[in-house]
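> Predicted structure and sequence below. I'll ask about it afterward.
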Amino acid sequence: MKTFEEIKTAIEAAVPGAGVEFVPNPSPSAQHSIRVAPDRAIEIARFLRDDSELAFDFCSNVTGVDWLDKEISEKVKVKRTVTKTVDGVEQSVEETADETRKRVEPGYLEAVYHLFSIAKKHGPLVIRMRTGNRTDRVELPSLTPIWRGAEFQEREVFDLYGIVFKGHPDLRRILMWEGFKDHPMRRDYVDPDDYEYEPTAHDAVLKRAQAHQAAAGK
């Protein structure tokens, strides 16, 4: 298989303005990936599938990742005017000091695809797309029109993470029931406090059921 840099170069040549970004993985697996711009994802995916050398004709896995808002502390140089007494005389002096400032980097959701080439017997190539945020900009293009095997897996990501795949042929919940609120794989998901006791070996479930019944006055 070509190197990531060669694949990135090939994509950029075939799809101008593709917005491809190499994402290194520092873990022992070293399974690096590339992030693609959602608005060019269909063109990029079609190229990866149809290119005679790459021929990524099989999507083996689609999953989601939830990245929460992140508070970032940064040290910046600021100039301050301070009053100092020099030889008994008060003077205004400008000084440079370090100041820590905090900002919040908005979170987002990611869809991650693992691609293989059955024809060329190579892979995986991992590609990623990220949403605008975790609230009202959660749409990404469906890659099911390119890799038919992504259909059920995109439904699972929609169900559990809340990514809305535009262009999906049948986007509906696959594990949770219709009408279920929220998305259970979100990192800030809170289990509903509606446990009813059934015989179980899990003491934690029993305790939650008893607490729920006490609060409900049962």
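Happy to help now that I have it. Every value quoted in this text rests on a predicted model; they were computed, and no experiment measured them.

> quick one: the lengthiest helix in the chain to chain centroid distance?
Identified as the longest helix of the chain according to DSSP state H is helix 203-215. Remark: helix 203-215 is offset 34 Å from the chain centroid, using C-alpha atoms, centre = their mean, to the nearest Å.

> Stretch 40-58 now?
22 Å.

> Over to stretch 9-28?
For stretch 9-28, the distance to the chain centre is 17 Å (C-alpha atoms, centre = their mean).

> what's the average pLDDT for the longest helix of the chain?
Average pLDDT, helix 203-215: 78.

> Just the buried residues of it, please?
208, 209, 212 (16 or more other C-beta atoms under 10 Å). Using the backbone N, CA and C atoms, a C-beta is placed for each residue, glycine as well.

> Extract the C-alpha set from that helix and format it as CSV.
In CSV, the C-alpha atoms belonging to helix 203-215 read as follows (Å, rounded to 0.1, in the frame of the first residue of the first chain):
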residue,chain,number,x,y,z
ASP,A,203,-26.1,-4.8,43.1
ALA,A,204,-25.7,-1.4,41.5
VAL,A,205,-28.9,-1.9,39.5
LEU,A,206,-30.8,-3.0,42.7
LYS,A,207,-29.6,0.1,44.6
ARG,A,208,-30.7,2.4,41.8
ALA,A,209,-34.0,0.7,41.6
GLN,A,210,-34.5,1.1,45.4
ALA,A,211,-33.5,4.7,45.3
HIS,A,212,-35.9,5.3,42.4
GLN,A,213,-38.8,3.6,44.2
ALA,A,214,-38.1,5.6,47.4
ALA,A,215,-38.1,8.9,45.5
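
> Name the nearest residue to residue 36, sequence neighbours excluded.
residue 44 (5.0 Å; C-beta to C-beta, 6 or more residues apart in numbering).

> cool, and residue 65?
residue 110 (4.2 Å).

> Next, count neighbours for that neighbour.
20 (other C-beta atoms under 10 Å).

> quick one: it and residue 88, what's the gap?
64 Å (C-beta to C-beta, to the nearest Å).
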